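> could you work out the structure for the sequence below:
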Amino acid sequence: MKKTKKCVGGTSFHSTTIECSVSKLREILGKPNYDINCGTDKVNFDWYMETEDGDVFTVYDWKEYRSISEDEIIEWHIGGLNKSATDKAKEEIIKSMKENKYVIYDKEKKELVKNIEGIVLLFHDKEDANKWVLNKHEIATPLSELINLITQNV
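I've put the predicted structure just below:
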């Protein structure tokens, strides 16, 4: 699963949903393509993604008509060109939730921080990773988000 540059036009809701928070989706899917969390529109957040098979899909809140707290768990719609694509997208999102690891990235050096033996450190949650952040150039970031950033810049 990754961000897509393909057109997501024609995607629609096929009764596939997922319950999650905005912050968790940011960790897994990266920065939303649409992020106007004011509650005046039918959608506050929208991500444009594609599955490992290359099928485009979107993840969005629907008709909340209010601002959504970053850690509030709500129902998200998964849109796609057909039901099998949205089901596959949901499966990949859930898999990423279970597998997401955090790393420490040095923004100045543009490299992952390693321990004294030269091994990249992986953490299961952001709080643990933040304990290893040593300077202002380092950030604890989900590995999946870092991969999305790298693949977008290639």
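> can you give the domain ranges for this protein?
By the record's domain assignment, the chain is partitioned as 2-99, 102-152 (automatic domain parsing).
> hey, which of these is tucked in deepest?
For the domains of the chain, the largest average neighbour count (mean count of other CB atoms under 10 Å) is found in domain 2-99, namely a mean of 16. C-beta: built from backbone N, CA, C; applies to glycine.
> quick check: mean pLDDT across that one?
Model confidence over domain 2-99, given as mean pLDDT, is 95.
> top helix in the protein by residue count?
Ranked by residue count under DSSP state H, the longest helix found in the chain is helix 83-99.
> now for that helix, which elements pack on it?
strand 12-21, helix 22-29, strand 56-60, strand 73-80 (3 or more CB pairs under 8 Å, 6 or more residues apart in numbering; DSSP states H and E).
> can I get the CA coordinates of it in CSV?
Taking C-alpha atoms only, helix 83-99 is exported to CSV below (Å, rounded to 0.1, in the frame of the first residue of the first chain):
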residue,chain,number,x,y,z
LYS,A,83,-16.0,-4.0,-3.7
SER,A,84,-12.9,-6.3,-4.0
ALA,A,85,-10.6,-3.3,-4.2
THR,A,86,-12.0,-1.7,-1.1
ASP,A,87,-11.9,-5.0,0.8
LYS,A,88,-8.3,-5.5,-0.2
ALA,A,89,-7.5,-1.9,0.9
LYS,A,90,-9.1,-2.6,4.3
GLU,A,91,-7.0,-5.7,4.7
GLU,A,92,-3.8,-3.9,3.9
ILE,A,93,-4.6,-1.0,6.3
ILE,A,94,-5.3,-3.5,9.1
LYS,A,95,-2.1,-5.4,8.3
SER,A,96,-0.2,-2.1,8.5
MET,A,97,-1.7,-1.2,11.8
LYS,A,98,-0.4,-4.5,13.2
GLU,A,99,3.0,-4.2,11.6
